[in-house]
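Q: Got a sequence here, can you build the structure:
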Amino acid sequence: MIEYLQSLTDPVAIIGLVASIIVLVSMCFNPSTRKGNLLMRGVNLVGSVISVIYGLMLGPLGAGMILLNGVLVFVNLIYLIKAVKQ
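A: Numbers count the residues shown, from 1 in each chain. Coordinates of the predicted model:
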């Protein structure tokens, strides 16, 4: 338990935690409305970008994080661009 609490003071761990919380919050928006979809995609985009940064800070251990969230960045951008054009 003490090791876990000490890990929360690590700046890299805090960045990863913040990114996860942002992605979680993005899932709380209702994507069935235009506004909700834009909010969900926009907030998720921010969380995914922070997750990519977190993965880069992890070095080789963050390769999966970088790949997954890098793809999510592009997916969210595509859907945001489509939604804004409508």
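
Q: Do you have the helices of this structure handy? List them.
A: For the chain, the helices defined by DSSP state H cover 2-7, 11-26, 34-58, 63-85.

Q: most neighbours per residue, which of the ones you listed?
A: Across the helices of the chain, averaging neighbours per residue (mean count of other CB atoms under 10 Å) puts helix 34-58 on top, at a mean of 18. Bear in mind the C-beta positions are built from the backbone N, C-alpha and C, glycine included.

Q: Next one, pLDDT for V46 please.
A: pLDDT for V46: 97.

Q: Kindly provide the distance from it to I53.
A: Relative to I53, V46 is positioned 11 Å away (CB to CB, to the nearest Å).

Q: try L80
A: Counting by CB to CB - L80 and I53 are separated by 19 Å.

Q: one step back: return the member of the helices of the chain having the minimum mean pLDDT.
A: The lowest average pLDDT among the helices of the chain, as it happens, falls on helix 2-7, at a mean of 66.

Q: nearest residue to R34 other than its sequence neighbours?
A: Residue nearest to R34 in three dimensions, not counting chain neighbours: A83, with 6.7 Å by CB to CB, 6 or more residues apart in numbering.

Q: do the same with N30
A: Using CB to CB, 6+ apart, the closest residue to N30 is G36 (3.9 Å).

Q: my guess is the one you found contacts S26, does it?
A: No. Under the criterion of CB atoms under 8 Å, G36 makes no contact with S26, lying 10.5 Å away.

Q: now the residue nearest to N30: how far from G64?
A: 29 Å.

Q: Check S48 too.
A: Distance from S48 to G64, by CB to CB: 14 Å.

Q: How about G70?
A: As judged by CB to CB, G70 and G64 stand 10 Å apart.

Q: Repeat that for K85.
A: From K85 to G64 the distance is 32 Å (CB to CB).

Q: now A13
A: Distance from A13 to G64, by CB to CB: 17 Å.
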